[in-house]
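Engineer: can you look at this prediction? I've put the sequence above it.
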Amino acid sequence: MSSNKTSRLRFNFGFMLEAGPGTSRIIELDYPSIQLEEDVTLSPLKGTFQAIRNSKGIYITGELFSNISAECARCLEPLMLDIAIQMDDLFYYPPQTAPQGEFSVGEDGFLDLAPLVRQLSLLEFPMQPFCRSDCKGLCINCGQNLNEAECDCEVDEIDPRFNVLRSLLDSMP
């Protein structure tokens, strides 16, 4: 997250750190829209997670639901993808005990879920999102969206790279 903007997924769990292992809280999220980074905006972000204090830090478990904007890989039309974000992660405390690359609770007791939610939402993003399973895509010649209308392009059934072979076939008796 940028340093000049406070994350809306930042929670104070200092009371849990003082209370000791076994303390837990259930937190419900219901954001109409939330921007995690410049490249990830979730609309809406809803769900419930549980924070449980253990001997190593705070364990977060729960499921969030959202939509993320995308572009169809075939016709390039904008679409919204439904995603389910499964959280199952440990935030180490004190931060010095966290293995490299793992999340930690800050010395001030604040835990920022934004990096975790961003990572998990991007993992839910398909390699090639489609607006629908039978999307026809774009014409390779004129760019017409074939879902909306047919184009007037002439369909050449033979790949142009095989034109030399076609000429050989035409020259045979």
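Structural biologist: Perfect, I can see it now. Keep in mind that this is a model prediction, so the values were computed, not measured. Residues are numbered from 1 along each chain as shown.

Engineer: and the top helix by length along the chain, how far out from the chain's middle?
Structural biologist: When the chain is parsed with DSSP state H, its longest helix is helix 114-124. Remark: helix 114-124 is offset 6 Å from the chain centroid, using C-alpha atoms, centre = their mean, to the nearest Å.

Engineer: can you map out the strands along the protein?
Structural biologist: Taking DSSP state E as the test, the strands found in the chain are 10-12, 24-31, 34-37, 40-54, 57-71, 78-92, 110-112.

Engineer: where among those is average confidence lowest?
Structural biologist: For the strands of the chain, the weakest mean pLDDT is recorded on strand 34-37, namely a mean of 91.

Engineer: and residue 44, how far is that from residue 142?
Structural biologist: Taking C-beta to C-beta, to the nearest Å as the measure, residue 44 falls 38 Å from residue 142. In short, each C-beta sits where N, CA and C put it, glycine included.

Engineer: higher neighbour count, the two?
Structural biologist: residue 44 (14 against 9; other C-beta atoms under 10 Å).

Engineer: which residues does the more buried one contact?
Structural biologist: 30, 31, 32, 33, 66, 67 (C-beta atoms under 8 Å, 6 or more residues apart in numbering).

Engineer: quick check: domain ranges of the protein?
Structural biologist: The chain breaks down by automatic domain parsing into domains covering 10-124, 136-173.

Engineer: burial of residue 97, as a residue count?
Structural biologist: Neighbours of residue 97 (other C-beta under 10 Å): 11.

Engineer: excluding chain neighbours, what is closest to it?
Structural biologist: residue 56 (7.1 Å; C-beta to C-beta, 6 or more residues apart in numbering).

Engineer: okay, the one you found and residue 25: tell me how far apart.
Structural biologist: 17 Å.

Engineer: any chance of the strands of the chain in TSV, plus distance to residue 169?
Structural biologist: Output for the strands of the chain, formatted as TSV (distance: least, C-beta to C-beta, whole Å):
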stretch	distance to residue 169
strand 10-12	69
strand 24-31	63
strand 34-37	56
strand 40-54	53
strand 57-71	41
strand 78-92	44
strand 110-112	66
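
Engineer: so which of those strands gets nearest residue 159?
Structural biologist: strand 57-71 (27.6 Å; C-beta to C-beta).

Engineer: okay, and the beta partners of residue 71?
Structural biologist: According to DSSP bridges, the residues that bridge with residue 71 are residue 78.

Engineer: let me fix that, I meant to ask about residue 48.
Structural biologist: Under the criterion used (DSSP bridges), residue 48 bridges to residue 28, residue 63.

Engineer: what about it, how many neighbours?
Structural biologist: Other residues near residue 48 come to 13 when the count uses other C-beta under 10 Å.
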